[in-house]
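Colleague: What would the 3D arrangement of this be:
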Amino acid sequence: MKKLSQNLKPIEISKILRVWIWTQIWVHVICGVCTLSFIFPFLDRRSKDRKIQVWSKHLLKIFNIKLVVQDAALLTNTPHLIASNHISWLDIHVINAFKPIRFVAKSEVEGWPIFGWMAKQLGTVFIRRDNTRHARQVVGQMAEVLRTESICIFPEGTSTAGATVLPFKPNLFESAFAANVPAFPLSIQYLSKTSGLRSESPAFIGDMGLLESMSNTIKNRSLIAQIIILSPCPTSQGSNLDRKQVAVYCQESIAKTL
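Modeller: Model (predicted):
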């Protein structure tokens with residue numbers, strides 16, 4: 001059964017509480033910047049992942065967001081491609097709180113104040129979605145990374161309110177074939193703790209700015225971020241599938257969970 005949208009008005013929080021939450025956010029961001037600048041260069045991959053996960057979990061705690069993960073055991077310990085639906089700027093941090101991973105993001109993210117710089121330091125691969133030639137170059141970069149590390153992509157190409165899944169663009173799935181790794185669909189949803197219904201508070205859509213979206217999330221202190229790992233689609237040479245078929249499989253698998 002599909003969950004309906006949460007239409008109830010979020011509980012209003014006091015001005016003092018909002019100021020306190022914003023203060024915690026910026027202190028946390030500054031701590032993250034310091035860690036990336038002065039500590040990350042001396043850490044191995046496992047230690048970096050541990051710090052990323054701890055930082056992301058604490059960010060969710062500041063927003064009072066509970067993380068729920070279903071079927072995590074499906075993920076392999078070997079490199080893989082994850083294809084997720086996209087709702088919010090929070091998606092990356094929710095996934096990193098579960099299991100740190102490299103991301104591919106639209107080039108606009110690189111220009112975000114502070115957060116764009118942080119994403120770049122974390123190894124995010126940025127793509128100009130209106131440039132086919134650049135997309136082919138990114139596929140090559142992704143295939144190289146996938147030989148040793150996992151990557152997460154948002155194949156819708158934009159974010160939505162979370163009620164539906166837009167058609168997945170197939171280009172980036174070519175990297176899974178090139179690296180001979182499986183493609184896992186990942187469903188992400190934001191739900192109300194009180195009603196269990198879908199909440200649009202974290203949605204980052206249209207002309208909305210990052211700070212506006214963060215403010216909307218702060219106002220709703222009763223959120224669950226739910227991740228569902230779904231059965232992988234084989235992308236080996238003998239699978240008889242192409243990138244378009246894998247994209248459709250991932251899209252339809254996620255749509256069934258909404």
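
Colleague: Ala119 is in contact with Val104, correct?
Modeller: No: counting by C-beta atoms under 8 Å, Val104 sits too far from Ala119 to count as a contact (10.7 Å). Placement of C-beta: from N, CA and C, glycine included.

Colleague: These two: who's more crowded?
Modeller: The neighbour comparison of Val104 against Ala119 (other C-beta atoms under 10 Å) goes to Val104, with 21 against 18.

Colleague: partner strands of the host helix or strand of that one, parallel or antiparallel?
Modeller: Assessed by DSSP states H and E, Val104 sits inside strand 102-106. Strand 102-106 has the following sheet partners, assigned by DSSP bridges: strand 125-127 (parallel), strand 151-153 (parallel).

Colleague: a markdown table for these, including mean pLDDT, mean neighbour count and distance to Val54?
Modeller: A markdown table is the format used below for these (pLDDT from 0 to 100; neighbours: other C-beta atoms under 10 Å; distance: least, C-beta to C-beta, whole Å):
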| stretch | mean pLDDT | mean neighbour count | distance to Val54 |
| --- | --- | --- | --- |
| strand 125-127 | 84 | 20 | 23 |
| strand 151-153 | 96 | 26 | 19 |
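
Colleague: out of those, nearest to Asn180?
Modeller: strand 151-153 (13.8 Å; C-beta to C-beta).

Colleague: which residues make contact with the closest one from outside it?
Modeller: With contact meaning C-beta atoms under 8 Å, 6 or more residues apart in numbering, strand 151-153 is reached by 81-84, 95, 101-104, 125, 142, 145, 172, 175, 186.

Colleague: Using pLDDT, spot the least trustworthy of these.
Modeller: When these are sorted by pLDDT, the bottom entry is Val125 at 85.

Colleague: give me every residue that touches that one.
Modeller: Counting by C-beta under 8 Å, 6+ apart, Val125 touches 102-105, 138, 141-142, 145, 151.

Colleague: what's the farthest-apart pair in those?
Modeller: Greatest spacing in the contacts of Val125, by C-beta to C-beta: Ala105 and Val145 (13.9 Å).

Colleague: Against which helices or strands is the longest helix along the chain packed?
Modeller: Longest helix in the chain, counting residues (DSSP state H): helix 15-38. Contacts defined by 3 or more C-beta pairs under 8 Å, 6 or more residues apart in numbering; DSSP states H and E place helix 15-38 against helix 45-62, helix 115-121, helix 210-219.

Colleague: which stretch in the ones you listed is the model least sure about?
Modeller: Among these, helix 115-121 carries the lowest mean pLDDT (a mean of 83).

Colleague: Output that one in PDB with nothing but the alpha carbons.
Modeller: The C-alpha trace of helix 115-121 is given here as PDB (Å, rounded to 0.1, in the frame of the first residue of the first chain):
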ATOM      1  CA  PHE A 115      28.600  22.200   1.300                       C
ATOM      2  CA  GLY A 116      29.800  22.100  -2.300                       C
ATOM      3  CA  TRP A 117      33.400  22.400  -1.200                       C
ATOM      4  CA  MET A 118      32.800  19.600   1.300                       C
ATOM      5  CA  ALA A 119      31.300  17.400  -1.300                       C
ATOM      6  CA  LYS A 120      34.300  17.900  -3.500                       C
ATOM      7  CA  GLN A 121      36.700  17.000  -0.700                       C
END
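
Colleague: In that helix, which residues have enough neighbours to count as buried?
Modeller: Going by neighbour count (16 or more other C-beta atoms under 10 Å), the buried part of helix 115-121 is 115-116, 118-119.
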